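Asks: Would you be able to build a 3D model of this:
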Amino acid sequence: MPTLPDSSPRWLPGLNGSTVVRLLETVQDLIVISLCMGLFSFMVMQLRQMFLSLLPPLNFPEVTADILFLLILVELFRLLIIYLQEHRISIGVAVEVSIVSVLREIIVHGVLETPWVQVVASCLFLTVLGALLVVRAWIPPTFDGVDPEQWVSRRHRLRFAQDLPTLATPPVGTTSDERPSP
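Replies: Residues are numbered from 1 along each chain as shown. Sure, this is the predicted structure:
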């Protein structure tokens, strides 16, 4: 019988694979929490800067850039919160952050002052990101009770169990005449 990863001799006594994985996930969660706190404090500083830029004389491009940058930071914060809740990166939110970032750069620098090659590249990039959002809407969610790794693991275990010679009983649904010879 094959040994399970938790009882593998490569782990120290009293330390198994699931303990190490849980410890690493906890450390990763702490890193993401510290990123959330840092991003939140940066958003507060950026909000202060935005309100200061609203004082006369009003510089409209700077105010617009600050507002759009704050929206990008909010979306990144939302992405980190989703990661903490579900331990996955939301493709939709990541694409939305990318779209807002590209649009911010186009708005801040102005379409007329931007070289035409960069405008065409931005348009193509936005088209691809929009297509990703549409495709993502058509794909069924994979994390609502479906664990692809578990499904693949179960399939491999079944295949491994079929490869082992069974001497005592035939597989379910077969007679002893249908059982393959070892």
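
Asks: any idea which helix is longest in the protein?
Replies: Longest among the helix segments of the chain by residue count, using DSSP state H, is helix 17-53.

Asks: What residues sit buried inside it?
Replies: Neighbour counts over helix 17-53 (16 or more other C-beta atoms under 10 Å) mark 36, 39, 43, 46, 50, 53 as buried. Backbone N, C-alpha and C define where each C-beta goes, glycine included.

Asks: Show me where this protein dips below the pLDDT cut-off.
Replies: Low-confidence segments of the chain (pLDDT under 70): 1-16, 140-153, 156, 160, 163-182.

Asks: now the helices for it?
Replies: Using DSSP H, the helices of the chain run over 17-53, 60-86, 91-109, 116-138, 148-163.

Asks: I figured Met50 hits Leu71, correct?
Replies: No - in this structure, Met50 is not within contact of Leu71 by C-beta atoms under 8 Å, at 10.9 Å.

Asks: Tell me if I'm right that Asp29 and Leu80 touch.
Replies: No - Asp29 is beyond contact range of Leu80, at 10.8 Å (criterion: C-beta under 8 Å).

Asks: how far does stretch 89-105 sit from the chain's center?
Replies: 13 Å (C-alpha atoms, centre = their mean, to the nearest Å).

Asks: How about stretch 116-136?
Replies: 20 Å.

Asks: Check whether Ile106 really touches Glu113, as I assumed.
Replies: No - contact criterion C-beta under 8 Å: Ile106 and Glu113 do not qualify, at 10.3 Å.

Asks: picking that back up, quick one: the longest helix of the chain to helix 60-86, angle?
Replies: Relative orientation of helix 17-53 and helix 60-86, computed by axes from the mean of the first three to the mean of the last three C-alpha atoms, to 10 degrees: 160 degrees.

Asks: Would you mind pulling up the elements that helix 17-53 packs against?
Replies: helix 60-86 (3 or more C-beta pairs under 8 Å, 6 or more residues apart in numbering; DSSP states H and E).

Asks: in the helix it packs on, what counts as buried?
Replies: 65-69, 71-73, 75-77, 79-80, 82-83.

Asks: Which single one of those is nearest to Ala137?
Replies: Ile82 (16.8 Å; C-beta to C-beta).

Asks: Give me the nearest residue to that closest one, chain neighbours excluded.
Replies: Nearest residue to Ile82, sequence neighbours excluded (C-beta to C-beta, 6 or more residues apart in numbering): Ser90, at 4.7 Å.
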